[in-house]
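J.: quick one, structure for this:
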Amino acid sequence: MKRKISSFYKPKFLGVWPALIIILLAENSCKKFVALDPPKNQIISSEVFINDNTATSAITGIYSVMMQTPLYLMNGGMTVYPGLSADELSNTATSTTLDPFKNNTLISSSTVIQNNLWRNAYIFIYQANACIEGLNGSSGLTPSVKNQLLGEAKFVRALSHFYLANLFGDVPLIVTTDYTVTQSLPRTAVSGVYDQIVMDLKDAQNLLSDAYPTTGPVRANKWAATALLARVYLYRKDWANAETQASLVINSGNYSLVPLNNVFLAGSKEAILQFIPAPSNNTSEGNTFIPSSATVRPTYALTDYLMSAFESGDQRKSNWISHNTVGGIVYNYPYKYKVKTSTTITENYMVLRLAEQYLIRAEARVNQGKILGSSGASADINLIRARAGLPPTTANDQSAMFSAIEKERQTELFAEWGHRWFDLKRTGRIDGILGTEKSGWQPYDSLYPIRFSESQKNPFLVQNNGYQ
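T.: So this is what the prediction gives:
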């Protein structure tokens, strides 16, 4: 009889397989992850991590699965759903799926939260853990290849835990494939999850090389781990380390700010990490946000609140936003990605980019009292503003600079990876802003609910406050 196992931690492995993810891809598409056999770790170790090629296929397969399904965690889901929950996106037609995100009326039976976000993250965590265990148990790999792959697996685990913690708060921290351990894990405090994220990213920094293992920034290198670590330190209010890590990326000489319409192109010099889209699609965000014709209402529109944040002359508004007028109503929509669909991939999916590092360093600096001058927050903010065609900031004290940074993050990082949703929460601004912008807002809405079926399978998995 099959054992019931909590769905956050494992898929099933079958037979002999040349790449870890190919089996997962076929298996995960039809399974509900509620009645699964224990993983066959001995097969993973003996048959996948025996040489450089098969071991590399296991890691690169994770990236492929990340891009498999549109509007899942790593493929547009972190932009659309938190964007609706925040103050930047609105669905333009009534939808039983999207309205709860827009109206902040989510319930614990949400299948989108379960399938697209929660379960999807734990699939990647399980895959990363399987690779880490397999790599650590292998003796047949070239040392440099083994280090690279271990570093990438730890980066993926850190990235997945990061989004889980920021969506749900305390979450089960999974660092093993052992189902006897994971099936009854309680939620780990966010601080503990961050401790593990920092540990994984520091390990990744040491394991990964400066150079990318393939052409283009489409797999993690040392600087991708450093960029994410800078963000994590910022979120933890560790200002000195956030500044240090962001400076390492900025001063590496590998990246530069590029013209606005070149930012999201494949191989952009601003890209620290991009994912390659599924064939024929370009990016899922381009496909999702761009209407099929000039006379069609977009599925998602930018809110008036976001539109009002752009200063006159801000070229991000004219280059990264487009609009359709339908029935006399103007619908503005994100246009960072310019291609809806094409057989030729010209745009890769941006995960980490240099502009964010300048914004991280600016915020870290102002929190340390470094406001003006070449080593102050103003220098970093002005680089971002200059690229957008705006004059230098007039902020000259700490309070004004805080406001300037918040506004630049809002207008630079809009409709990207849930930045606005997370910024409102981590700065303590969410109740004040969304309480005004949205009717019925409740403070507990800042965390998504855990699906009720999860707590049924694992009694130690306590629901977030405010949800049944």
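
J.: thought Ser252 was touching Ala224?
T.: No. With contact defined as CB atoms under 8 Å, Ser252 does not reach Ala224; the gap is 11.4 Å. Quick note: C-beta positions are derived from backbone N, CA and C, even for glycine.

J.: among those two, which residue is more densely surrounded?
T.: In terms of neighbours (other CB atoms under 10 Å), Ala224 is the more surrounded of Ser252 and Ala224; the figures are 27 against 15.

J.: how close does that one get to Leu159?
T.: Using CB to CB, to the nearest Å, Ala224 is found at 9 Å from Leu159.

J.: the stretch 251-400 of the chain: strands as residue ranges?
T.: 271-275, 300-302, 321-326, 329-334, 349-353 (DSSP state E, counting those that start in this stretch).

J.: can you put the ones you listed in JSON lines and add distance to Ser375 and mean neighbour count?
T.: Formatted as JSON lines, the strands of the stretch 251-400 of the chain follow (distance: least, CB to CB, whole Å; neighbours: other CB atoms under 10 Å):
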{"stretch": "strand 271-275", "distance to Ser375": "22", "mean neighbour count": "23"}
{"stretch": "strand 300-302", "distance to Ser375": "35", "mean neighbour count": "24"}
{"stretch": "strand 321-326", "distance to Ser375": "33", "mean neighbour count": "16"}
{"stretch": "strand 329-334", "distance to Ser375": "34", "mean neighbour count": "18"}
{"stretch": "strand 349-353", "distance to Ser375": "22", "mean neighbour count": "25"}
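
J.: would TSV of these with distance to Gln442 and mean pLDDT be doable?
T.: Formatted as TSV, these follow (distance: least, CB to CB, whole Å; pLDDT from 0 to 100):
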stretch	distance to Gln442	mean pLDDT
strand 271-275	34	98
strand 300-302	24	98
strand 321-326	31	98
strand 329-334	28	98
strand 349-353	32	98
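
J.: just send these back as JSON lines, with distance to Leu248 too.
T.: Below are the strands of the stretch 251-400 of the chain laid out as JSON lines (distance: least, CB to CB, whole Å):
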{"stretch": "strand 271-275", "distance to Leu248": "12"}
{"stretch": "strand 300-302", "distance to Leu248": "34"}
{"stretch": "strand 321-326", "distance to Leu248": "32"}
{"stretch": "strand 329-334", "distance to Leu248": "30"}
{"stretch": "strand 349-353", "distance to Leu248": "13"}
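
J.: give the next helix or strand downstream of the helix or strand hosting Gly61.
T.: For Gly61, the enclosing helix or strand under DSSP states H and E is helix 52-66. Sequence order places helix 78-85 as the next helix or strand after helix 52-66, per DSSP H and E.

J.: show residues contacting that next one.
T.: With contacts defined as CB atoms under 8 Å, 6 or more residues apart in numbering, helix 78-85 is touched by 71, 89-91, 98, 101-102, 104, 112, 116-117, 163, 167, 285, 288, 300, 415-418, 420-422, 445.

J.: show only the entries of those found in strands.
T.: Leu89, Ser90, Asn91, Tyr300 (DSSP state E).

J.: make a markdown table out of those residues and add distance to Gly83.
T.: Below are those laid out as a markdown table (distance: CB to CB, whole Å):
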| residue | distance to Gly83 |
| --- | --- |
| Leu89 | 4 |
| Ser90 | 9 |
| Asn91 | 10 |
| Tyr300 | 8 |
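
J.: nearest to Ile197 among those?
T.: Proximity of these to Ile197 was ranked by CB to CB; the top entry is Leu89 with 26.7 Å.

J.: identify the residues contacting that closest one.
T.: Counting by CB under 8 Å, 6+ apart, Leu89 touches Val80, Gly83, Lys102, Tyr300, Ala301, Leu302, Thr303, Ala415.

J.: and the pLDDT at it?
T.: What the model reports as pLDDT for Leu89 is 98.

J.: likewise the one 4 residues further on?
T.: At Ala93 the predicted local distance difference test score is 97.

J.: could you do Val65 as well?
T.: 95.

J.: how many residues are close by it?
T.: Neighbour tally, Val65, other CB under 10 Å: 21.

J.: in this structure it contacts Ile123, no?
T.: Yes. Between Val65 and Ile123 there is a contact at 7.4 Å, judged by CB under 8 Å.

J.: quick one: contacts for Asn103?
T.: Contacts of Asn103 by CB under 8 Å, 6+ apart are Lys438, Gly440.

J.: give me that answer again for 10 Å
T.: With contacts taken as CB atoms under 10 Å, 6 or more residues apart in numbering, Asn103 has the following neighbours: Leu84, Ser85, Lys438, Ser439, Gly440, Trp441, Asp445.

J.: same question for Leu257.
T.: So Leu257 contacts Val263, Lys269, Glu270, Arg353, Leu354, Ala355, Tyr358, Leu383, Ile384, Ala386, Arg387 (CB under 10 Å, 6+ apart).

J.: what subset of those residues is buried?
T.: Listed as buried from the contacts of Leu257 are Val263, Glu270, Arg353, Leu354, Ala355, Tyr358, Leu383, Ile384, Arg387; burial here means 16 or more other CB atoms under 10 Å.

J.: can you redo those as CSV with distance to Lys317?
T.: Formatted as CSV, these follow (distance: CB to CB, whole Å):
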residue, distance to Lys317
Val263, 15
Glu270, 19
Arg353, 19
Leu354, 21
Ala355, 16
Tyr358, 19
Leu383, 18
Ile384, 14
Arg387, 13
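
J.: need the residues touching each of Ser252 and Ala224.
T.: Jointly contacting Ser252 and Ala224 under the rule CB under 10 Å, 6+ apart are Ile272.
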